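J.: no letters, just coordinates:
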């Protein structure tokens with residue numbers, strides 16, 4: 001399957017953002033307090049992220065590219081994959097405690113979080129790619145045209161219908177605006193290495 005761009009108009013929002021302007025880029029401003037998390041460590045459920053979703057089948061991959069001014073605590077953007085309100089994955093960038101983190105939150109009724117610093121990516125265009133295998137999601141990311149980094153291998157229900165696409169959230173502030181420059185679908189990666 002060749003790489004094909006997905007029109008911004010093909011997606012549906014999980015929760016509408018403060019604003020979204022569609023042209024060659026999708027320029028989106030998050031609502032203050034938006035986030036996605038379930039229970040673990042913090043004790044709360046946040047279900048207010050802004051994710052623009054289109055179907056993602058087994059054997060397909062989806063990727064998004066974006067830029068943002070990383071300066072607000074817990075500002076985040078990347079790729080969101082959802083089965084339902086209790087089963088989803090968000091993967092990408094989160095700015096926390098003065099550092100740019102590359103990671104993933106995998107949620108099956110309760111969330112977990114894996115993250116590593118990528119401060120050198122602060123001014124880069126970032127691309128997040130998720131491949132859907134029969135029983136797993138393979139998450140990769142890169143800065144500009146750099147090498148792909150393996151971020152996560154996560155268990156995922158092979159029989160569930162899922163949708164995926166660009167997402168952002170701004171848990172602690174108003175005014176986060178993300179410029180999504182690309183949204184595309186292709187065949188899933190065929191190996192981990």
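T.: Received the coordinates, thanks. All figures in this text were calculated on a predicted structure; none of them were measured in a lab.

J.: what packs against the lowest-mean-pLDDT helix or strand in the chain?
T.: Ranking every helix and strand in the chain by mean pLDDT, DSSP states H and E puts strand 45-47 at the bottom, with a mean of 79. Judged by 3 or more CB pairs under 8 Å, 6 or more residues apart in numbering; DSSP states H and E, strand 45-47 is in contact with strand 36-38. Yep, even glycine has a C-beta here, placed from its N, CA and C like the rest.

J.: which residues touch residue 165?
T.: Residue 165 sits next to 6, 11, 51, 52, 53, 54, 62, 64, 79, 80, 183 when contact means CB atoms under 8 Å, 6 or more residues apart in numbering.

J.: quick check: bridge partners of it?
T.: residue 80 (DSSP bridges).

J.: residues touching residue 192, list them.
T.: 138, 150, 153.

J.: what's the nearest residue to the most centrally placed residue in the chain if we skip its chain neighbours?
T.: Among the residues of the chain, the one closest to the centroid is residue 79, at 1.9 Å (CA atoms, centre = their mean). Leaving aside its chain neighbours, residue 79 sits nearest to residue 128 (4.4 Å; criterion: CB to CB, 6 or more residues apart in numbering).

J.: phi, psi of that neighbour?
T.: Main-chain torsions, residue 128, degrees, to the nearest 10: phi -120, psi 130.

J.: kindly tell me how buried it is, as a neighbour count.
T.: Neighbour count for residue 128, taken as other CB atoms under 10 Å: 26.

J.: quick one: low-confidence parts of this protein?
T.: 1-2, 41 (pLDDT under 70).

J.: which residues touch residue 148?
T.: Contact partners of residue 148, counting by CB under 8 Å, 6+ apart, are 129, 140, 141, 142.

J.: element containing the last one, please.
T.: Just to be clear, that refers to residue 142. Secondary structure from DSSP states H and E places residue 142 in strand 136-143.

J.: report the distance from that strand to the chain centre.
T.: 10 Å (CA atoms, centre = their mean, to the nearest Å).
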